[in-house]
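# Predicted model and sequence below, questions to follow.
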Amino acid sequence: MSIVPTVPFVERDAAPGPVIDQFDQIHSAFGALPAMFRVVANSPAALESMWGSFRAYGAGALGPALSEQIAVAVANRNACEYCLAAHTALGRKAGVSGAALEAAQSGESDDPATAALLAFALKVVDQRGQVTAADVEVLRDHDWSDEHIVETIGQVAHNVFTNYINVALAVPVDFPAVSLRRATVRQG
(Lines give C-alpha, C1' and ligand atoms only; values in the text may rest on other atoms or scores of the structure.)
Protein backbone atom coordinates (compact mmCIF):
# COMPACT_ATOMS: atom_id res chain seq x y z
CA MET A 1 0.00 0.00 0.00
CA SER A 2 1.44 3.37 -0.97
CA ILE A 3 1.13 6.40 1.28
CA VAL A 4 -1.06 9.15 -0.08
CA PRO A 5 -0.68 12.78 1.02
CA THR A 6 -3.56 14.63 2.65
CA VAL A 7 -3.98 16.78 -0.47
CA PRO A 8 -3.56 15.33 -3.95
CA PHE A 9 -0.45 15.40 -6.07
CA VAL A 10 -0.62 17.94 -8.88
CA GLU A 11 0.09 16.13 -12.13
CA ARG A 12 2.20 17.94 -14.69
CA ASP A 13 -0.31 17.49 -17.51
CA ALA A 14 -3.08 19.08 -15.39
CA ALA A 15 -0.99 21.96 -14.02
CA PRO A 16 -1.28 25.58 -15.14
CA GLY A 17 1.54 27.02 -17.29
CA PRO A 18 3.57 28.71 -14.52
CA VAL A 19 3.49 25.49 -12.45
CA ILE A 20 4.64 23.46 -15.47
CA ASP A 21 7.57 25.85 -15.93
CA GLN A 22 8.56 25.43 -12.29
CA PHE A 23 8.07 21.65 -12.47
CA ASP A 24 10.47 21.60 -15.43
CA GLN A 25 13.07 23.61 -13.48
CA ILE A 26 12.66 21.35 -10.42
CA HIS A 27 12.92 18.21 -12.54
CA SER A 28 16.05 19.58 -14.15
CA ALA A 29 17.61 20.34 -10.75
CA PHE A 30 16.70 17.02 -9.07
CA GLY A 31 16.52 14.63 -12.02
CA ALA A 32 12.97 13.88 -10.87
CA LEU A 33 9.95 15.72 -9.52
CA PRO A 34 9.95 15.13 -5.75
CA ALA A 35 6.60 14.50 -4.08
CA MET A 36 6.84 17.62 -1.92
CA PHE A 37 6.73 19.91 -4.95
CA ARG A 38 3.82 17.99 -6.47
CA VAL A 39 1.86 18.53 -3.24
CA VAL A 40 2.79 22.18 -2.68
CA ALA A 41 1.82 22.92 -6.30
CA ASN A 42 -1.80 22.86 -5.12
CA SER A 43 -0.97 26.51 -4.39
CA PRO A 44 0.96 28.03 -7.29
CA ALA A 45 1.94 30.91 -4.97
CA ALA A 46 3.35 28.51 -2.36
CA LEU A 47 5.24 26.61 -5.06
CA GLU A 48 6.70 29.84 -6.41
CA SER A 49 7.77 30.87 -2.91
CA MET A 50 9.27 27.48 -2.07
CA TRP A 51 11.12 27.00 -5.34
CA GLY A 52 12.29 30.62 -5.37
CA SER A 53 13.78 30.16 -1.91
CA PHE A 54 15.52 26.93 -2.92
CA ARG A 55 17.07 28.71 -5.91
CA ALA A 56 18.09 31.79 -3.92
CA TYR A 57 19.67 29.89 -1.05
CA GLY A 58 21.33 27.49 -3.46
CA ALA A 59 23.41 30.45 -4.65
CA GLY A 60 23.76 31.99 -1.19
CA ALA A 61 26.78 32.85 0.92
CA LEU A 62 26.53 29.75 3.12
CA GLY A 63 27.07 27.36 0.23
CA PRO A 64 25.43 24.00 -0.39
CA ALA A 65 27.24 21.89 2.23
CA LEU A 66 26.45 24.16 5.16
CA SER A 67 22.94 24.86 3.88
CA GLU A 68 22.20 21.13 3.86
CA GLN A 69 23.54 20.74 7.39
CA ILE A 70 21.21 23.52 8.55
CA ALA A 71 18.30 21.85 6.73
CA VAL A 72 19.11 18.48 8.35
CA ALA A 73 19.26 20.07 11.82
CA VAL A 74 15.94 21.89 11.36
CA ALA A 75 14.24 18.83 9.83
CA ASN A 76 15.35 16.64 12.70
CA ARG A 77 14.23 19.19 15.29
CA ASN A 78 10.80 19.42 13.62
CA ALA A 79 10.57 15.62 13.16
CA CYS A 80 10.17 16.01 9.39
CA GLU A 81 11.17 12.65 7.96
CA TYR A 82 10.71 13.90 4.39
CA CYS A 83 13.09 16.85 4.72
CA LEU A 84 15.58 14.84 6.76
CA ALA A 85 15.76 12.23 4.02
CA ALA A 86 15.87 14.77 1.19
CA HIS A 87 18.50 17.02 2.73
CA THR A 88 20.65 14.11 3.84
CA ALA A 89 20.72 12.95 0.21
CA LEU A 90 21.40 16.49 -1.00
CA GLY A 91 24.09 16.93 1.67
CA ARG A 92 25.88 13.82 0.50
CA LYS A 93 25.64 15.14 -3.06
CA ALA A 94 27.23 18.39 -1.78
CA GLY A 95 30.14 16.41 -0.33
CA VAL A 96 29.14 16.29 3.33
CA SER A 97 30.06 13.01 5.02
CA GLY A 98 27.45 10.74 6.54
CA ALA A 99 29.00 11.31 9.97
CA ALA A 100 28.80 15.11 9.58
CA LEU A 101 25.17 14.90 8.47
CA GLU A 102 24.31 12.66 11.41
CA ALA A 103 26.01 15.11 13.79
CA ALA A 104 24.13 17.99 12.14
CA GLN A 105 20.84 16.33 13.07
CA SER A 106 21.64 17.30 16.67
CA GLY A 107 23.16 20.65 15.72
CA GLU A 108 26.70 19.41 16.18
CA SER A 109 29.87 19.57 14.11
CA ASP A 110 33.58 18.88 14.56
CA ASP A 111 34.18 22.38 13.19
CA PRO A 112 33.58 24.97 15.97
CA ALA A 113 32.29 27.66 13.57
CA THR A 114 29.83 25.23 11.95
CA ALA A 115 28.77 23.97 15.39
CA ALA A 116 28.06 27.55 16.49
CA LEU A 117 25.99 28.26 13.38
CA LEU A 118 23.99 25.02 13.73
CA ALA A 119 23.36 25.71 17.43
CA PHE A 120 22.16 29.19 16.50
CA ALA A 121 19.85 27.80 13.80
CA LEU A 122 18.30 25.39 16.28
CA LYS A 123 17.95 28.17 18.84
CA VAL A 124 16.02 30.18 16.23
CA VAL A 125 13.71 27.16 15.80
CA ASP A 126 13.37 26.40 19.53
CA GLN A 127 12.91 30.03 20.58
CA ARG A 128 10.71 30.91 17.56
CA GLY A 129 13.16 33.60 16.53
CA GLN A 130 13.53 35.09 20.02
CA VAL A 131 17.33 35.11 20.03
CA THR A 132 19.46 37.72 21.73
CA ALA A 133 22.23 40.07 20.69
CA ALA A 134 24.57 37.80 22.66
CA ASP A 135 23.48 34.84 20.52
CA VAL A 136 24.37 36.81 17.40
CA GLU A 137 27.68 37.90 18.93
CA VAL A 138 28.66 34.25 19.41
CA LEU A 139 28.42 33.86 15.65
CA ARG A 140 30.51 36.95 15.04
CA ASP A 141 33.11 35.52 17.44
CA HIS A 142 33.33 32.57 15.00
CA ASP A 143 33.85 34.98 12.07
CA TRP A 144 30.33 34.66 10.65
CA SER A 145 29.33 37.84 8.82
CA ASP A 146 26.01 39.62 9.01
CA GLU A 147 25.22 38.14 5.60
CA HIS A 148 25.74 34.63 6.99
CA ILE A 149 23.65 35.40 10.08
CA VAL A 150 20.71 36.80 8.13
CA GLU A 151 20.90 34.00 5.58
CA THR A 152 20.89 31.40 8.37
CA ILE A 153 17.67 32.85 9.79
CA GLY A 154 16.16 32.94 6.30
CA GLN A 155 17.13 29.32 5.70
CA VAL A 156 15.65 28.29 9.04
CA ALA A 157 12.36 29.97 8.10
CA HIS A 158 12.39 28.34 4.66
CA ASN A 159 13.09 24.92 6.15
CA VAL A 160 10.35 25.32 8.76
CA PHE A 161 7.97 26.05 5.85
CA THR A 162 8.98 22.89 4.00
CA ASN A 163 8.92 20.84 7.22
CA TYR A 164 5.40 21.99 8.02
CA ILE A 165 4.15 21.26 4.50
CA ASN A 166 5.53 17.72 4.61
CA VAL A 167 4.44 16.90 8.14
CA ALA A 168 1.01 18.55 8.02
CA LEU A 169 0.09 17.08 4.64
CA ALA A 170 1.69 13.63 5.17
CA VAL A 171 3.83 13.86 2.04
CA PRO A 172 5.29 10.41 1.33
CA VAL A 173 9.08 10.25 1.49
CA ASP A 174 10.59 9.61 -1.93
CA PHE A 175 14.24 9.81 -0.88
CA PRO A 176 16.21 7.13 1.02
CA ALA A 177 14.87 7.12 4.60
CA VAL A 178 16.97 8.49 7.48
CA SER A 179 16.19 7.88 11.15
CA LEU A 180 15.29 10.88 13.24
CA ARG A 181 17.53 11.47 16.24
CA ARG A 182 16.04 12.36 19.57
CA ALA A 183 17.22 15.73 20.74
CA THR A 184 16.56 17.74 23.83
CA VAL A 185 15.24 21.20 23.16
CA ARG A 186 17.68 23.75 24.50
CA GLN A 187 16.12 26.64 26.32
CA GLY A 188 17.68 30.01 27.07
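Perfect, thanks for sending it.
# For R182, see how far away the residue nearest to S109 when sequence neighbours are not counted is.
Nearest non-adjacent residue to S109, counting by Cβ to Cβ, 6 or more residues apart in numbering: A115, 4.3 Å away. Quick note: C-beta positions are derived from backbone N, CA and C, even for glycine. According to Cβ to Cβ, to the nearest Å, A115 and R182 sit 19 Å apart.
# same deal with V124?
Counting by Cβ to Cβ - V124 and R182 are separated by 20 Å.
# more neighbours, A115 and R182?
A115 (16 against 9; other Cβ atoms under 10 Å).
# For this protein, which residues score under the pLDDT cut-off?
Residue ranges of the chain with pLDDT under 70: 1-2, 183-188.
# can you list the domain ranges for this structure.
12-58, 63-168 (automatic domain parsing).
# so of these, which one's packed in deepest?
Mean neighbours per residue, mean count of other Cβ atoms under 10 Å, is largest over the domains of the chain for domain 63-168, with a mean of 19.
# Can you get me the start-to-end distance on that one?
29 Å (Cα to Cα, to the nearest Å).
# What is the distance between it and the centre of its chain?
Here domain 63-168 shows a centroid-to-chain-centroid distance of 8 Å under the convention Cα atoms, centre = their mean, to the nearest Å.
# what about A86, distance to P172?
12 Å.
# do the same with V19
Distance from V19 to P172, by Cβ to Cβ: 20 Å.
# just checking, R92 touches L101?
Yes. Between R92 and L101 a contact is recorded at 7.0 Å, counting by Cβ atoms under 8 Å.
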